[in-house]
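Novice: Pasting the sequence and the predicted model now:
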Amino acid sequence: MHILEEITIFKKQLLNYKKQVISIAELEKMSFFDRECISLTEQIRKSEIGIIAEHKRRSPSKPHINFKTDVFEVAKAYEGAGASGMSVLTEQKYFGGSLEDLILARSACNLPLLRKDFIVDEYQIVESKAHGADVILLIAACLTPLEVKQFSELAHQLGLQTILEVHNLNELQVYLCEHIDIVGVNNRNLKTFEVNLDTSKTLVQHIPKNVVKISESGIKHPKDIIDLKSLGYDGFLLGEHFMKTDDPGQSAQDFIQNIKNKI
């Protein structure tokens, strides 16, 4: 069993308990549920660079990235740095995140917020809207094509946008459907944790022109952004590169300014 299977099994077990504690009807009464979502695709398209800056404390491959920062302050700093959006890890057991992080980020900034988690049930989509998300992530590797279709349709009904995360051409061809707003190519092999930007470079030509394209994982240098942008990518998700520093917001600002100086 590789890590994605382990996480998926755990999430389904956890959801069995969560549904008994908080019903969908209760989620729909939360204050953020009726707010109008902010468009991530619009923010990316009007940006020179399209950086989605992530808040992430740890990961299965990196147990200690950053436990010192305040997500509220990081969200404000990312917005000030010129990020197009913010990704908030809400998975607790493996990534050290929480839905409270999403609420704090929503309270701190006006950026479109991606709830970065392992969505395996429609309950989580309602939960995402109720806690202030604008976008959800649908990972092809832990879902069926039918689930992606159903989940993305429900997300659109709630006003949320959707990112389909793929790791290879087969996932892209089999899972892409009409309710997907963004295709995110993850350069990290979820079985080995190896990162290779060639994954993004290979898949970009197969993504429809009308779909916003983002590259995820392993982006460390302004040159990576410039090279991938020249191939057709609209946005880029960076987490560890900023979060491993003492001041993620300043790191994001320096990185974005560095890119602007080169393009």
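Specialist: That came in fine, so what should we check first? Numbering: from 1, shown residues only.
Novice: got the residue ranges for the helices in this structure?
Specialist: 3-21, 24-27, 40-45, 71-81, 99-108, 122-130, 145-157, 169-175, 198-203, 222-231, 240-243, 248-262 (DSSP state H).
Novice: residues making contact with stretch 138-157?
Specialist: Stretch 138-157 has contacts (Cβ atoms under 8 Å, 6 or more residues apart in numbering) with 4-5, 7-8, 118-120, 122, 125, 136, 161-167, 171-172, 174-175, 177, 179-180, 190. (Glycine included, C-beta is placed from N, CA and C.)
Novice: Please state the offset of that stretch from the chain centre?
Specialist: Mean C-alpha position of stretch 138-157 versus that of the full chain (Cα atoms, centre = their mean, to the nearest Å) differs by 15 Å.
Novice: Now do the buried residues in it.
Specialist: For stretch 138-157, the buried set under the neighbour-count rule, 16 or more other Cβ atoms under 10 Å, comprises 138-143, 147-152, 154-155.
Novice: before we move on, back to that, and of the helices of the chain, who's closest to His64?
Specialist: helix 240-243 (10.7 Å; Cβ to Cβ).
Novice: That closest one - contacts with which helices or strands?
Specialist: strand 51-55, helix 248-262 (3 or more Cβ pairs under 8 Å, 6 or more residues apart in numbering; DSSP states H and E).
Novice: List the strands paired with the shortest one, with their directions.
Specialist: Strand 51-55 has the following sheet partners, assigned by DSSP bridges: strand 85-89 (parallel), strand 235-238 (parallel).
Novice: Please work out which residues outside the first one touch it.
Specialist: For strand 85-89, contacts defined as Cβ under 8 Å, 6+ apart pick out 40, 43-44, 52-57, 71, 75, 78-79, 95-97, 101-102, 105, 109, 111-117, 133-135, 235, 237, 239.
Novice: Could you give the number of residues near Ile65?
Specialist: 20 (other Cβ atoms under 10 Å).
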